[in-house]
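Asks: My questions concern the predicted model and sequence given below.
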Amino acid sequence: MSERFFIICDILAILVINAIVWSSLYIQFAYFELPCPLCLGQRIGLLGISFGYVLNLYFGTSARHYAISIIAALLTASVAIIQILLHIVPETGNYGSPFLGLHLYTWVFIICCLFAFGNLILITLLKSAMADKIYKNVLASNYICITIIAIIPLILCILVNAVSAFAQCGLNKCPPDPTSYWIKNFLKPDKVKKHHSKNKL
């Protein structure tokens, strides 16, 4: 396998993760479907998967970096399976709207399993390819521009998720079934108190 193959795989993986997490943000803001704590954990896990690919592009392709992505994928899959099991019992309901017949947490579990399996294949290919060649980082290749195109949205995605999570939960524990943003209630406490007093009456 050539050096170009692994660089392209890393960049494509980052682009896929970008598309997934940005899509979840779109659903959150466009349809006002606030993420639960487990949902936020899955977003963090997906972004964690990309960390191994970023390390590959900056420091050079390494099986250790793919192993980091595998660990992140397995941890994220475990969070997703917990949410699946919470809603698998009849009459327990579900969380969020389905996409192509499956809920987002089910898709996350499937995607994480695919990432883990794909990284195992890449490690196997890398071990055989590096017997006679040491791969350098992306700075020594001709893929700097497309790498920047992939990484900048990833950084923005991390920042938007951090700001969104703080706006939703603040420094408090995130509610299991959120219905509003914490920052909205924090900035308008009087309206919240009036709403609670009306409910008591």
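Replies: That came in fine, so what should we check first? Numbering: from 1, shown residues only.
Asks: Which of the helices or strands spans the residue positioned nearest the centre of the chain?
Replies: Closest to where the C-alpha atoms of the chain average out (Cα atoms, centre = their mean) is Leu46, at 2.7 Å. Using DSSP states H and E, Leu46 sits in helix 37-59.
Asks: Could you list the buried residues of that helix?
Replies: 37-57 (16 or more other Cβ atoms under 10 Å). From N, CA and C alone the C-beta is placed, and that goes for glycine too.
Asks: the inter-axis angle of the longest helix seen in the chain versus helix 37-59?
Replies: The single longest helix within the chain, with elements called by DSSP state H, is helix 3-31. Interaxial angle, helix 3-31 versus helix 37-59 (axes from the mean of the first three to the mean of the last three Cα atoms, to 10 degrees): 150 degrees.
Asks: low pLDDT regions in the chain?
Replies: Within the chain, the ranges that satisfy pLDDT under 70 run 1, 90-99, 101-102, 129-142, 178-180, 186, 189-201.
Asks: What segments of it are helices?
Replies: For the chain, helices defined by DSSP H occupy the ranges 3-31, 37-59, 63-88, 104-129, 144-169, 182-187, 189-200.
Asks: I'd like those helices written out as TSV, with distance to Pro176 added.
Replies: Shown next, in TSV, are those (distance: least, Cβ to Cβ, whole Å):
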stretch	distance to Pro176
helix 3-31	16
helix 37-59	7
helix 63-88	10
helix 104-129	14
helix 144-169	11
helix 182-187	14
helix 189-200	20
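Asks: Please identify the deepest-packed of the ones you listed.
Replies: Highest mean neighbour count of these: helix 37-59, a mean of 21 (counted as mean count of other Cβ atoms under 10 Å).
Asks: and that helix, how far from the chain's centre?
Replies: Distance of helix 37-59 from the chain centroid (Cα atoms, centre = their mean, to the nearest Å) equals 6 Å.
Asks: Great, nothing more from me.
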